[in-house]
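Trainee: Quick one, what's the 3D model for this:
(one chain, ligands or ions: 1)
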Amino acid sequence: MNADSRTRLNRTPEWHALGKHREELGQTHLRELFESDPDRGTGYTLRVGDLHIDYSKHLVTDETLGLLRELASATGVAELRDAMFRGEKINVTEDRAVLHTALRAPREAVVEVDGENVVPGVHEVLDKMAAFSGQVRSGEWTGFTGKRIKNVVNIGIGGSDLGPAMAYEALRAFTDRDLTLKFVSNVDGADLHEAVRGLDPAETLFIIASKTFTTIETITNATSAREWLLAGLGGDRAAVARHFVALSTNAEKVTEFGIDPANMFGFWDWVGGRYSFDSAIGLSLMIAIGADSFRELLGGFHAMDEHFRTAPIEANAPFLLGLLGIWYGAFFDAQSHAVLPYSHYLSRFTAYLQQLDMESNGKSVDRDGNPVDWQTGPVVWGTPGTNGQHAYYQLIHQGTKLIPADFIGFARPVGELSPTLAAQHDLLMANFFAQTQALAFGKTAEEVRAEGVAEALVPHKTFQGNHPTTTILAGELNPSVLGQLIALYEHKVFVQGAVWNIDSFDQWGVELGKVLAKRVEPALTEGSHVESLDPSTRALVATYRELRGR
Ligand code: F6P
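Mentor: Numbers count the residues shown, from 1 in each chain. Presented below is the predicted three-dimensional model:
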């Protein structure tokens, strides 16, 4: 397809066919779909690695799926995928290759960027990370005063924070419990204050994670952390080398900050920030779980990469999940997508996905800069079950919005739970299955009446159902499974961006706020440059200064 026709995605025959099919589907209920095909529950499933993916509770038929696949073919998703894996510069606005898949490629693989195989460099960094994390874990790496490191504080933001912070929670059961990891991201001084409160600087290692090493939040927090450390260790700047390491692509800025380049773990401009967690950015996680578990995590990522790269489209999980999202956004006007993990360990999983999905696909111009006039990325949200059930599930069940949701659960609990606590797992999972059942099939007015409910209350107690969900079930949450899950979502986001013809790998939308913040800051501190502010902001700044006592 040429650029012009891609721009008019919603005028393609494939799009029209989907629109017509949507009209024909009308109000067809999941109850009817299951009545006409009782085998849906087993037929509409995929097994990918350790993940059992059930999409039977979606508002789709074989015809829908066929039409969605035709849309994917017409929009060249597979071709773009292959170009990505080949190392072509598919991030058009930044003229960069998109090769997070090379971060988990096996040692013997060959992936070329500008004619150079990048895989040996990837493994060199991984080996350096393994050696360093081994030293920290064994106590061989000591602080400036010779004390063993007990606390690791990762300072970074966005992709330099969310991945390791999420995975540290997810894989708690696999961590060295003698080490404490903290994650500082917010430029609000309270974040660092609370993180280092009570810590002994002599036992604390700071990992400064920043691809660019220019991000204001990270550099500000890193500078304050260095001050805290030096104040605690008598002010000798030589201490920095034992207590600060950097994860970055910018050796010059790292050195300028005062971190020994020998203690820098590098990566490359072909790794996007939100796709960087399995690069050097994962160092804090590797210290927590050990190099072997980290490699298992990479193995999980790689297995899903291979599935995405090679599985036929009709059995390809990222294609399927991506296309389902497009279906609801375009033809059901769904604005958001809930991700609901039934694992306490996945408490940060959805927050991680928010950056992955919303920074990637929150775009309104296509790859050639033309405005799109179809829905792009949804609002992604959610928290672990069962907490959400007692908060916002009411709206999903009985509100006026269609909210497709992913339910992620595990057959076995992990870790050293007591028998009593391990037994709670079945109750957790009973809720998991009950929710998707209720969402899909609801409860009819007749069923409510049959329970003897007063007529006035019948509408209130009726559940329309017909709310689509995907169920993702695995044996247990372990490093490999986590890698598989993350890569599944990475590639789902890819498929959607490819169909929508947007650049999923840039993030120009975060720039304006950064520039304006620089302009507003002197207005707050010194009352200067206020004339450059708009009238509303100028008035707010004046009120702020008054309340701040300036
Ligand atoms: O939010 C914008 C962004 O550029 C993200 O894409 C990135 O993950 C984050 O800032 C942090 O950037 P850096 O790693 O360069 O500090």
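
Trainee: so where do the helices sit in the stretch 101-250 of the chain?
Mentor: Counting by DSSP state H, counting those that start in this stretch, the stretch 101-250 of the chain has these helices, from start to end: 119-138, 162-170, 189-196, 216-232, 240-243.

Trainee: List just the one of those helices that sits closest to residue 58.
Mentor: The stretch from the helices of the stretch 101-250 of the chain with the least distance to residue 58 (CB to CB) is helix 162-170; that distance is 26.3 Å. (Each C-beta comes from the backbone N, C-alpha and C, glycine too.)

Trainee: Touching that closest one from outside, list them.
Mentor: Applying CB atoms under 8 Å, 6 or more residues apart in numbering, the external contacts of helix 162-170 come out as 154, 175, 181, 183, 185, 209, 274, 276-278, 281-285, 288, 297, 343, 345-349, 351-352, 355, 477, 482.

Trainee: Just to be sure, which of those are found in strands?
Mentor: Secondary structure assignment (DSSP state E) places 154, 181, 183, 209 from those within strands.

Trainee: from those, which are also near the ligand?
Mentor: Filtering the ones in strands among the contacts of helix 162-170 for proximity to the ligand by CB under 6 Å from any ligand atom leaves nothing.

Trainee: before we move on, back to that, which of the contacts of helix 162-170 are buried?
Mentor: Among the contacts of helix 162-170, the ones that count as buried by 16 or more other CB atoms under 10 Å are 154, 175, 181, 183, 185, 209, 274, 276-278, 281-285, 288, 297, 343, 345-346, 348-349, 351-352, 355, 477, 482.

Trainee: Go through those residues and flag which are in helices.
Mentor: In helices, defined here by DSSP state H, the members of the buried ones among the contacts of helix 162-170 are 283, 284, 285, 288, 297, 349, 351, 352, 482.

Trainee: May I have the phi/psi pair for residue 334?
Mentor: When quoted as degrees, to the nearest 10, the phi and psi of residue 334 stand at phi -70, psi 130.

Trainee: Can you tell me how far it is from residue 379?
Mentor: The spacing between residue 334 and residue 379, counted by CB to CB, to the nearest Å, is 10 Å.

Trainee: higher neighbour count, these two?
Mentor: Set side by side, residue 334 and residue 379 show unequal neighbour counts under other CB atoms under 10 Å, the larger going to residue 334 at 19 against 14.

Trainee: For the stretch 101-250 of the chain, what lies in contact range of the ligand?
Mentor: By CB under 6 Å from any ligand atom, the part of the stretch 101-250 of the chain that sits against the ligand consists of 157, 158, 159, 160, 210, 211, 212, 215, 218.

Trainee: got any ranges where the chain has weak pLDDT?
Mentor: Low-confidence regions of the chain, defined here as pLDDT under 70, cover residues 1-7.

Trainee: Return the residues of it in contact with the ligand.
Mentor: Contact residues of the chain with respect to the ligand, defined by CB under 6 Å from any ligand atom, are listed as 157-160, 210-212, 215, 218, 273-274, 359, 507, 510.

Trainee: which stretches of the stretch 301-450 of the chain form strands?
Mentor: Ranges of strands in the stretch 301-450 of the chain, per DSSP state E, counting those that start in this stretch, are 336-341, 379-381, 405-410.

Trainee: List the neighbouring strands of the shortest one plus their orientation.
Mentor: Pointing back at strand 379-381 there. Applying DSSP bridges to the sheet, strand 379-381 is found paired with strand 336-341 (parallel).

Trainee: relative to strand 405-410, how tilted is the partner strand?
Mentor: Orientation note: strand 336-341 sits at an angle of 10 degrees relative to strand 405-410 (axes from the mean of the first three to the mean of the last three CA atoms, to 10 degrees).

Trainee: Just the C-alphas of strand 336-341, formatted as CSV.
Mentor: Taking Å, rounded to 0.1, in the frame of the first residue of the first chain, the C-alpha atoms of strand 336-341 are listed here in CSV:
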residue,chain,number,x,y,z
SER,A,336,-10.3,2.1,27.1
HIS,A,337,-8.8,-1.3,27.8
ALA,A,338,-8.6,-2.8,31.2
VAL,A,339,-5.7,-5.2,32.2
LEU,A,340,-6.7,-7.0,35.4
PRO,A,341,-4.1,-9.4,36.8
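
Trainee: contacting residues around it?
Mentor: Around strand 336-341, the neighbours that count as contacts under CB under 8 Å, 6+ apart are 325, 328, 347, 349-350, 353, 357, 378-385, 388, 396, 401, 403-409, 435.
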